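Visitor: Here is a sequence with its predicted model. Questions after.
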Amino acid sequence: MNTRIIGAAVAAVLVVAVAACSREQTSGGGPAVAVGKGADNGVLVGADQPRSDTDFWSAYAGYLGPKAAAAGVKLENTSSDNDSNRLKSNVDTLLSKDVKAIIMAPQDTAAAKPALTAAANRNVPVISVDTRPDSGGAYMVVRADNRAYGANACTYLGETLHGTGKVVEFQGDLASINGRDRSQAFADCMRTKYPNIKVIEIPTEWKADKATSGLQDKLLTDPDINGIYMQAGGAFLQSTLALLKRSGKLVKAGQPGHISIVSNDGIKAELDAIDAGDIDATVSQPADLYAQYAAMYAKAAVDGKKFTPGPTDHGSTIVDTGGGQLEDQLPAPVVTRTGGKVGDMDTVASTDPALWGRGH
């Protein structure tokens, strides 16, 4: 059955600011996160918040409650705090509460198998958000094309730097499929399209201190660095700008000595930094749509609905990533100050009110 069986009413969702969502203590022992309870009466679905240390994941948490309510889903919340052992424990807790489906976003995608196995043993479908477990087993993965993130960042920097220079890459955690996809695609693109740009890779495990210390060292050994690719603006933006300012290298876009910076996430701080000329572009990872379609697919799974690869009725494409694992690849636009073409790539303006980072 095609995705068009999902009624238009599901797509008509309520958007509520993060501040409006209830703040409750998680049952998984992690920090409190702003995740609403969803519908008062609805299908009971477990929702594990993967982390609360970045603006992106805080925004996702804020969207999930109202999106779940719109989809007729009642949430039972836990938080795994970037810990795969805690994720497994949280899944066991959720299963003991007789949830009918589970929404999770495993950060170590290779270590998610025990949690998936526990859910499968109880015939409870799993929706994986933002990341695709290495072993598969999810009813649906709700994600954007992370290889496109890396390739688009490469294209922006390659075109902006006219194919020459030195670019620092803050690599995400390579234990995560997102870190691997972005890193591999960025490297492949640079090698084939812009061979005269030297890429300086800094492994970060999504940790700001690792990115900052690595960049500080490289600015000493390679003072002619003229580009930076940050795989997660929510994790790296503020500390990177602070370091560049201390080093006298935070130069506005369009002025001599500016270091071109491309990020991933689409949080408000990135859009504001683009407006200010501190960074140049970001890929807007759709926190709102992740929450919306995670809730929708959780309800669909409980209702026994089936999906097939192909275009959806909400502007995305479902792909089979191998072994029958389906992934709904949601759109993630490249955002620049003015929008328009960069090479052969379309971008949208940072002031576009439709961007979730603008609080649409």
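Guide: That came through, no problem. Numbers count the residues shown, from 1 in each chain.

Visitor: sec struct for Val262, please.
Guide: Assigned with DSSP: H, G, I helix; E, B strand; the rest coil, Val262 falls in the strand class.

Visitor: List the contacts of Gly339.
Guide: Thr347, Val348, Ala349, Asp352 (CB atoms under 8 Å, 6 or more residues apart in numbering). To be clear about C-beta, it is placed using only N, CA and C from the backbone, and glycine gets the same treatment.

Visitor: hmm, 7 Å instead?
Guide: Gly339 makes contacts with Thr347, Val348, Ala349, as judged by CB atoms under 7 Å, 6 or more residues apart in numbering.

Visitor: Can you tell me the SS state at the second one?
Guide: Put plainly, it is Val348. Recorded secondary structure, Val348: strand (three-state DSSP).

Visitor: who's in contact with it?
Guide: Counting by CB under 7 Å, 6+ apart, Val348 touches Pro333, Val335, Gly339.

Visitor: Please apply the same query to the last one.
Guide: Listed by CB under 7 Å, 6+ apart, the contact partners of Ala349 are Arg337, Thr338, Gly339.

Visitor: Could you check how far it is from Arg358?
Guide: Ala349 sits 11 Å away from Arg358, going by CB to CB, to the nearest Å.

Visitor: again, but for the second one
Guide: Distance from Val348 to Arg358, counting by CB to CB: 11 Å.

Visitor: got it, and Lys100?
Guide: Per CB to CB, Lys100 is found 34 Å from Arg358.

Visitor: how about TSV for the contacts of Val348, with distance to Ala175, pLDDT and secondary structure added?
Guide: Below are the contacts of Val348 laid out as TSV (distance: CB to CB, whole Å; pLDDT from 0 to 100; DSSP: H, G, I helix; E, B strand; the rest coil):
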residue	distance to Ala175	pLDDT	secondary structure
Pro333	28	95	coil
Val335	28	98	strand
Gly339	35	97	coil
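
Visitor: re earlier: and which of the contacts of Ala349 is nearest Asp320?
Guide: Gly339 (33.0 Å; CB to CB).

Visitor: And the closest residue to Ser247 other than its chain neighbours, which helix or strand is it part of?
Guide: Nearest non-adjacent residue to Ser247, counting by CB to CB, 6 or more residues apart in numbering: Leu219, 5.8 Å away. In this structure, Leu219 sits in helix 208-221 according to DSSP states H and E.

Visitor: Kindly report the same for Arg132.
Guide: Of the helices and strands defined by DSSP H and E, none includes Arg132.

Visitor: I'd say it and Ile177 touch.
Guide: Yes: assessed by CB atoms under 7 Å, Arg132 is found in contact with Ile177 at 5.3 Å.

Visitor: between the two, what contacts are shared?
Guide: Contact criterion CB under 7 Å, 6+ apart; residues shared by Arg132 and Ile177: Thr109.

Visitor: if we can go back for a sec, give me the number of residues near the residue nearest to Ser247?
Guide: For Leu219, the count of nearby residues is 17 (other CB atoms under 10 Å).

Visitor: what about it, distance to Ile225?
Guide: According to CB to CB, Leu219 stands 6 Å off from Ile225.

Visitor: dump the residue contacts of Lys113.
Guide: Residues near Lys113 by CB under 7 Å, 6+ apart: Pro133, Ser135.

Visitor: Please tell me how far it sits from Asp134.
Guide: From Lys113 over to Asp134 (counting by CB to CB), the distance is 8 Å.

Visitor: what about the residue of the chain most remote from its centre, which SS state?
Guide: Distance from the C-alpha centroid of the chain, by CA atoms, centre = their mean, peaks at Pro256 (32.4 Å). Under three-state DSSP, Pro256 falls in the coil class.

Visitor: where exactly do the strands run in the stretch 151-300 of the chain?
Guide: Using DSSP state E, counting those that start in this stretch, the strands of the stretch 151-300 of the chain run over 165-171, 197-203, 227-230, 260-265, 281-284.

Visitor: Out of these, flag the one nearest Thr308.
Guide: Comparing the strands of the stretch 151-300 of the chain by their distance to Thr308 (CB to CB), the top pick is strand 281-284, with 27.5 Å.

Visitor: show me the contacts for Val335.
Guide: So Val335 contacts Gly266, Leu271, Ile274, Ala281, Thr282, Ser284, Thr347, Val348, Ser350, Leu355 (CB under 7 Å, 6+ apart).

Visitor: among those, who's most crowded?
Guide: Thr282 (33 neighbours).

Visitor: between Lys100 and Arg358, who's got more neighbours?
Guide: The residue with more neighbours, out of Lys100 and Arg358, is Lys100; 18 against 15, by other CB under 10 Å.

Visitor: Can you verify my assumption that the more buried one contacts Val302?
Guide: Yes: with contacts counted by CB under 7 Å, Lys100 reaches Val302, the gap being 4.6 Å.

Visitor: mind showing which ranges of the stretch 1-150 of the chain have poor pLDDT?
Guide: Residue ranges of the stretch 1-150 of the chain with pLDDT under 70: 1-34.

Visitor: And the strands in it, which stretches?
Guide: Per DSSP E, counting those that start in this stretch, the stretch 1-150 of the chain carries strands over the ranges 43-49, 73-79, 101-104, 126-129, 140-144.
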